[in-house]
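Undergrad: no sequence on hand, only this structure:
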């Protein structure tokens, strides 16, 4: 989404975690953590972890503030996304969309939903007084949080109690250069 927003050229390569493609020796040579995404620079260098990738891409653009305090605020929301939001909302979506109904991980859903609603409540509260996360304009914190928030319903989250989040999603969608994630 950052690449599209900034109109940077790139080539997308689909890697399936479900089929074990992140565990091959070739992939592990690019990212020993065995996770996607990975940004390949073309000179034998790779960068893993979505937060590191989007900060690298956004550095020097309007998506990354120049003020150090605002940078810290953006990072605060990105850490929230990785440590609280993603582990509940994205994982609930993964379990519901990609695992069989009798898969053992289905038992995790009630706790994922509870934690996800707590994360959404934090976001809803913040958005009562703020248009975006981290700064007064769209930043990589918004892009990071948007990625799974706008599809939280796929994970079983009722989004109707979160009108401020709905308004924020609409604001993010209106950003110049915005492109939705591939399904």
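TA: That came through fine. On a predicted model such as this, the values are computed, not experimentally measured, just so you know.
Undergrad: tell me where this structure has helices.
TA: Counting by DSSP state H, the chain has helices at residues 2-5, 25-30, 50-58, 68-80, 91-98, 109-129, 140-149, 163-173.
Undergrad: now do the contacts for the residue lying farthest from the centre of the chain.
TA: Distance from the C-alpha centroid of the chain peaks at residue 102, with 27.2 Å (CA atoms, centre = their mean). Contacts for residue 102 (CB atoms under 8 Å, 6 or more residues apart in numbering) come out as none. In short, each C-beta sits where N, CA and C put it, glycine included.
Undergrad: just residue 23 next, same as before
TA: Residue 23 touches residue 34, counting by CB under 8 Å, 6+ apart.
Undergrad: circling back: return the most buried member of the helices of the chain.
TA: helix 140-149 (a mean of 25; mean count of other CB atoms under 10 Å).
Undergrad: mean confidence score for that one?
TA: For helix 140-149, the mean per-residue pLDDT is 96.
Undergrad: tell me what angle that helix forms with helix 91-98.
TA: 40 degrees (axes from the mean of the first three to the mean of the last three CA atoms, to 10 degrees).
Undergrad: just want the angle from helix 140-149 to helix 163-173.
TA: 110 degrees.
Undergrad: residues making contact with helix 140-149?
TA: 1-2, 5, 50-51, 54-55, 58, 63-64, 73-78, 80-82, 85-86, 89-90, 93, 120, 123, 132-135, 155, 165, 168-169, 172, 181.
Undergrad: now stretch 36-51
TA: Identification of contacts with stretch 36-51 by CB under 8 Å, 6+ apart yields 15, 17, 22, 27, 30-31, 33, 35, 53, 56-57, 78-79, 81-82, 144.
Undergrad: show me the shaky parts of the protein.
TA: Along the chain, segments meeting pLDDT under 70 span 180-183.
Undergrad: how does it divide up, domain by domain?
TA: 2-58, 68-173 (automatic domain parsing).
Undergrad: what about the first one, how long is it end to end?
TA: Counting by CA to CA, to the nearest Å, you get 7 Å between the two ends of domain 2-58.
Undergrad: now swap in stretch 56-73 and tell me
TA: Start and end residues of stretch 56-73 are separated by 17 Å (CA to CA).
Undergrad: now swap in stretch 8-19 and tell me
TA: End-to-end span of stretch 8-19 (CA to CA): 29 Å.
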